[in-house]
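Engineer: Fold the following.
(one chain, ligands or ions: 2)
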Amino acid sequence: MREGTAPLIRREDYSAPAFWIKSVDLTFDLDPAKTLVINKMQLERNLDVPAQALRLHGEDLNLTRVLVNGESVSFRHEEGLLVIDSLQGVPAGPFTLEIRNTCAPEKNTHLSGLYTSGGGFFTQCEAEGFRRITYFLDRPDVMAVYTVTLRANKQQYPVLLSNGNLVEQGELDNGRHFAKWNDPFPKPSYLFALVAADLVAREQWVTTRSGKNHLLQVYVRRGDLDKTEHAMNSLIASVVWDEARFKLPLDLERFMIVAVGDFNMGAMENKGLNIFNTKYVLANPATATDSDYLGIESVVGHEYFHNWTGNRITCRDWFQLSLKEGLTVFRDQEFSMDMAGSASARAVKRIDDVRTLRLSQFPEDAGPMAHPVRPDSYVEINNFYTATVYDKGAEVVRMMQTLVGRDGFAHGMTLYFERHDGSAVTCDEFAQAIADANPQSELARLLPQFKRWYSQAGTPRVTARGRYDAPSRTYTLLLEQSCGSTPGQAEKQPFVIPIAMGLVARDGRALALQLEDEALPASGAYPQERVLVLSENREFFTFVNVDEEPVPSLLRGFSAPVTLADGLSDNDLLLLLQHDTDPFNRWEAGQRLALARLLAAVRGDGDLQLDQPFIGAMRGVLTHPTLDAAFKELLLSPPSEIYIAEQLESVDPQRVHAAREAMRMQLAQALRDDWAVAFEANQATGGYAPDPISVGKRGLANLALNMLCLDAVARGDTVWPGRAYQRFKDASNMTDRQGALWALLASHSELAEPALARFYELFKGEPLVIDKWFTLQATAPESGGRVFARVKALMNHPDFTIKNPNRARSLIAAVCMGNPAAFHRSDAAGYVFWADRVLELDGINPQLAARMARVMDRWSRLAEPYRSAAREAVSRVAAKPDLSSDVREIVTRALA
Ligand code: 0A1
Ligand code: ZN
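Structural biologist: Numbering: from 1, shown residues only. Ligands and ions are numbered 1, 2, ... in the order given. The predicted model follows:
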């Protein structure tokens, strides 16, 4: 843990390194208590910068030897650095530096660097974990070729892996063995990995278009092999997709995925040796839900796609993190959409991604941690693996694709690789390549202004007003943009905002879109959808030959990460809900109708009485003859409590919860018969498959069952809860089983308790399922404080441990982030619980503690008495003298 006040690192202070490390030869004598690392580097002075001492990063290491060209030299330690002054002004040309040090993997509870988990050794080096293994220039612009020798006890650690290709292996004395690996691709230290453990692998050979064969391997603990099929299929699909869509082939003879139970994040793209949280590898129908299956596909894709966008071309410095993350999230989103297939299934994926953005990135952009996609400064880089860098970053890439077209974007990617393969670059260089490949595009015309998406934080607000002029048959749209101030950025310059749109006639027809003075396109017809580019603070767009007053359908497909105020009436929204050809806006219209009713109740007297037009519209969706089940489920799920709260100036979480629960109850009652029909009609048949149609059916059946139980329990009827319990017992897959259990929990049925007990007994040997068991209890709708009391009791359950990140998240994050009504209590007990847990975790795993600390980002918008109590809890955390720099940065910003 770094103590004291860590310095602020600024983007503008970037300078190239004083030395390059060309190659590194690492030897590990692996021992949980004391691992010896022999690190032999070939270095060269960087003649482009003034001569300086060599400063190597190092953290929590014991140094035993330093030799330059075989001779010992004097050195000194500065905060987090090993300094060799005598290397200042060393002659041009290579020299060797040999360092020996030890580290203690079993004591490494940060899970950064080399650590032990389940009796094996694993590494996590992004962003700055390599310095916890050995002394190095631990920065992404220093790229070296690695040769790695691992030595360990053969019985305990039969599998020894590192990046690249296996060049040698054999036996050693005393029951030990060794393996030597070489990775021919120069890489930054954050992509280094090693694994030494007792694992087994699922293997598959694939042939890429060039005719080369490659070995794919998924390593897991013995006993988990039956849960690797989906990960392997996802990996094969990723290899095929990247070659087909972007002409990017697999460049390695062997590509390995290793699953580990203790991991801070989702997964890591180490060159040729991806290390994954078990959550994103292990799945079989009995243990994993549909959403787990989809998560695995997208994370396996994400890490694989990093091989080109992140590894072959990497980041010059950590401020450029979105260069690899925004682009790779965009790529994994496109992959999942292409895998989904039908237009409707693609839209479901897009809606899901936008929901994620609105739930995590919009609040971030409006709170104390708001930062540009390319931040200007940080204290702890691990705090900047954020929704802004990842998800808003992906939206920025998506806008580029919208502005240059899908083919134009593919050409831009080709140019990007032609220019920068093998180097460490900036976001500017990426945007330049996409624009240069499309010189006639709006992106090229507006590039400097477009790049404000990288430099300005905050979510822009677009206001739209339409005016129809019957005599001239014109429709004029006035679009305006503004963006509120964010920390350190009071004023904003206008953004370039692509607005995909259409005009809908009162009878639901899509109208032709002819802009003023526009010639007939070569196709012979004006389009029914187009992209308007808003780049000024306010702009008019006039459409001609419009026969009647239309309803505008703006921001189709969520073509830009903005909020939209278009002043549409309920009737307009009902029309779009029924007729919009854009599925995203159809869903959006339904959400807006629901949101308006929820906000009116929360802002008013708290009473929510759903009106017939709304209920009728929801019935129309539920009973629609052709809409896909997945789409119906999305349309019929009210906006989340977090999203509702984000629309309010002052938030009383209990009122938000009450209004949303009232809406659910009224929809349950008003559509009772239709829910029953939907439940029966959406039973997925045949064996389990996570295809979009079956997933949609299971999702809608689960929602229907939930509503039917809610209505039944309120009426004292036991039939549907009984059916739910039966379904829970007989389910042949986890989606149905968990859905039935959730229906019982969310309706406060008496059968919830026996079902929970049975669930535990069935799955007590499956850690990922026990995580679900904790989360289900922590996220159940609160009633009279019982959920919160249960969470506190579960902290003492023998299966609970705060040291395992998945388990800690399954209970603590689940209640603090996923259950606002249980967490925000008028007696402040939720906040006391939060502060205690953050402080406890800070001593164990500062990265995880800092993520939990973010729960309180939005404290200042809470209504009293929550606001004062929340501030007190944040202040108590901030008052701890030896707080990690990770948590300190979060709470300091929150209190600023
Ligand atoms: N680069 C990984 C995410 C990741 C980042 C940091 C980690 O440890 C601090 C671990 C993983 C990805 O985007 O998948
Ligand atoms: Zn990533």
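
Engineer: Run a quick neighbour tally on G524.
Structural biologist: 6 (other Cβ atoms under 10 Å). In short, each C-beta sits where N, CA and C put it, glycine included.

Engineer: Return the distance of the nearest residue to M143 once chain neighbours are set aside relative to N706.
Structural biologist: Distances taken as Cβ to Cβ, 6 or more residues apart in numbering put P186 closest to M143, at 4.0 Å, once the chain neighbours are dropped. Distance, P186 to N706, using Cβ to Cβ, to the nearest Å: 53 Å.

Engineer: Close to ligand 1: what parts of this structure are there?
Structural biologist: With Cβ under 6 Å from any ligand atom as the criterion, the chain comes near ligand 1 at residues 124, 126-127, 264-269, 302-303, 325, 382, 385, 847.

Engineer: Just the ones of those in helices?
Structural biologist: H302, E303, E325, Q847 (DSSP state H).

Engineer: So for P186 and N706, which residue has more residues nearby?
Structural biologist: Neighbour count, other Cβ under 10 Å: between P186 and N706, N706 has more, with 25 against 19.

Engineer: list the contacts for that one?
Structural biologist: Listed by Cβ atoms under 8 Å, 6 or more residues apart in numbering, the contact set of N706 reads G739, W742, A743, A746, S747.

Engineer: for Y468, same thing?
Structural biologist: With Cβ under 8 Å, 6+ apart, Y468 has these contacts: T474, Y475, V546, E548, E549, P550.

Engineer: Could you tell me which strands the host helix or strand of the second one is paired with, and in which direction each runs?
Structural biologist: Put plainly, it is Y475. If you go by DSSP states H and E, Y475 is part of strand 474-482. Sheet pairing for strand 474-482, assigned by DSSP bridges, gives strand 461-469 (antiparallel), strand 538-544 (antiparallel).

Engineer: and the last one, which residues are buried?
Structural biologist: The neighbour-count criterion (16 or more other Cβ atoms under 10 Å) identifies E539, F541, T542, F543, V544 as the buried residues of strand 538-544.

Engineer: Need those residues in TSV (columns: distance to E680 and pLDDT).
Structural biologist: Output for those, formatted as TSV (distance: Cβ to Cβ, whole Å; pLDDT from 0 to 100):
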residue	distance to E680	pLDDT
E539	52	98
F541	48	98
T542	51	98
F543	46	98
V544	51	98
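
Engineer: Would you pull up the residue in the stretch 251-400 of the chain closest to ligand 1?
Structural biologist: At 3.6 Å from ligand 1, M265 is the closest residue in the stretch 251-400 of the chain, using Cβ to the nearest ligand atom.

Engineer: close to ligand 2, is the top helix by length along the chain?
Structural biologist: For the chain, the helix with the greatest residue count under DSSP H is helix 393-420. No: applying Cβ under 5 Å from the ion, one finds helix 393-420 separated from ligand 2 by no less than 10.0 Å.

Engineer: Show me what the helix or strand following that helix is packed against.
Structural biologist: Remark: after helix 393-420, the chain's next helix or strand is strand 424-425, criterion DSSP H and E. In terms of contacts (3 or more Cβ pairs under 8 Å, 6 or more residues apart in numbering; DSSP states H and E), strand 424-425 is packed against strand 314-315.
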